[in-house]
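1. Based on what follows, work out the 3D shape:
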Amino acid sequence: MSSIFNVAVVGLGIGRSHITEGYVTNADKFRVKAICDLDPARLNEVGDAFGVERRLTDFEVLLAMDDIDIIDICTPPGTHLAQVMAALRAGKHVICEKPLVGSLSQIDSVIAEEKVSKGLLMPVMQYRFGDGVEQARAIIDAGIAGRPYIGTVETLWRRDADYYAVPWRGKWATELGGVLMTHAIHQHDLFTYLMGDIKRLFGRVATRVNAIEVEDCVTASVELANGALGSLTATLGARDEISRLRLMFENVTFESDHEPYNPGARPWTIQPRNAEAATRIEALLKDWKPLPSRFEAQMGRFYQTLLGKAPLPVTSADARRSLELVTAFYHSSSTHEDVELPISTQHPRYDSWVPPQHRAA
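-> Okay, the predicted model is just below:
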């Protein structure tokens, strides 16, 4: 008989999607035992919809609940550090939405706490899961794709004034960044997940679409540690929304599905450059069984980790890599210089990428 883990979901914006996609679909593995939000109306709406009796406005109360195994943090980014650290210190397993925290120094503190905690920490990177991206990763891991040459990533989304009417959005103190942090972070994670670590970045950020503190347009040129090159572009001023990755390897070119919020799901366009690669890909994928995507897949695999049967599907090291890219982006834009990665503890933005005028006194 399999174990069922009890979950508390904190923050019922994206948290509702975690319940719908991640826990209802894995009802034999998880039970949402408690929900927490500052809005009583939303608490009751979600509680009634999913039959959750424990409805709290105080996060601290969750930490003392002995029957809660997992705390799933879906609150605004500015609250993540304190909540992740408190949950780890309480011995809970922790799932946390992106961005995990607000600086490299903060994530290093989290990683240090994670090493001594009884609980496991899994950052959320749900775009990694689905038939398209997982077939591409299988082809790369099998050695069929060969050397990576060049890749492009486009995150062309639309966010208007009504989106930023939510008080915590668009502000450095609470959102910690703009399109680079809250929207393109998934696609940039996919790029490094498939192509390799970034060695050097030259980038720009700008605020051109909305009257907000943070950026809503970015672009960068990157060099990878393996010698490949890439370009990363994102905006919140698009008319039609797409997320698109096009990755050129020695023997294969991959292009993602263009669905903005689930580019990893449906089969990607896979173009072999020669007959040998085509034959090997056909043999590799011949018995491929359709896979779930997004939260359903990530939570399902986390369950296998909790049982000791598989490694973490996404790690704090993965989250750190994504925040290192963010740090390099902001620093390059402000200095007009290349930034070399990895970023050391002596780097001027190791403790914060937030512009000085927006930092807390």
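2. Go ahead and measure how far stretch 204-214 is from the middle of the chain.
-> Put simply, stretch 204-214 sits 21 Å off its chain's centre (C-alpha atoms, centre = their mean, to the nearest Å).
3. for that stretch, how far is the first residue from the last?
-> 13 Å (C-alpha to C-alpha, to the nearest Å).
4. Which positions within it qualify as buried?
-> Val205, Thr207, Val209, Asn210, Ile212, Glu213, Val214 (16 or more other C-beta atoms under 10 Å). Any C-beta I mention is one placed from the backbone N, CA and C, and that applies to glycine too.
5. Go through the residues you listed and flag which are in strands.
-> Val205 (DSSP state E).
6. from the buried residues of stretch 204-214, which single one is nearest Glu223?
-> Val205 (18.9 Å; C-beta to C-beta).
7. Provide the partner residues of the closest one in its beta bridges.
-> Counting by DSSP bridges, Val205 forms beta bridges with Val218.
8. what about Arg55, which helix or strand?
-> In this structure, Arg55 sits in strand 54-56 according to DSSP states H and E.
9. Need the contact partners of that strand.
-> With contact meaning C-beta atoms under 8 Å, 6 or more residues apart in numbering, strand 54-56 is reached by Ala8, Lys33, Ala34, Ile35, Cys36, Leu43, Asn44, Gly47, Leu62.
10. Now a PyMOL select for only the buried ones of these.
-> Only the buried entries of the contacts of strand 54-56 go into this PyMOL selection, using 16+ other C-beta under 10 Å:
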select buried, resi 8+33+34+35+36+43+47+62
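11. Quick check on Val32: phi, psi?
-> In terms of degrees, to the nearest 10, the main-chain angles of Val32 are phi -80, psi 110.
12. Start the count at 49 instead of 1 going forward.
-> Fine by me, first position is 49 from now on; the one you just mentioned is Val80.
13. how far away is it from Ala56?
-> As judged by C-beta to C-beta, to the nearest Å, Val80 and Ala56 stand 8 Å apart.
14. just Ile121 next, same as before
-> Distance, Ile121 to Ala56, using C-beta to C-beta: 9 Å.
15. how many neighbours does Ala186 have?
-> 15 (other C-beta atoms under 10 Å).
16. Contacts for stretch 56-72, please.
-> With contacts defined as C-beta under 8 Å, 6+ apart, stretch 56-72 is touched by 55, 78-85, 87, 90-91, 94, 98, 102, 107, 110, 113, 116, 118-124, 131, 143, 145, 342-344, 346-347.
17. first to last residue in it, what's the distance?
-> Taking C-alpha to C-alpha as the measure, stretch 56-72 stretches 14 Å from start to finish.
18. Stretch 249-260 now?
-> In stretch 249-260, first residue to last residue: 25 Å (C-alpha to C-alpha).
19. Stretch 290-305 too?
-> 9 Å.
20. Can you name the helix or strand that Pro311 falls in?
-> For Pro311, there is no enclosing helix or strand under DSSP H and E.
21. Distance-wise, check it relative to Trp205.
-> Pro311 is 12 Å from Trp205, by C-beta to C-beta.
22. Perfect, that will be all.
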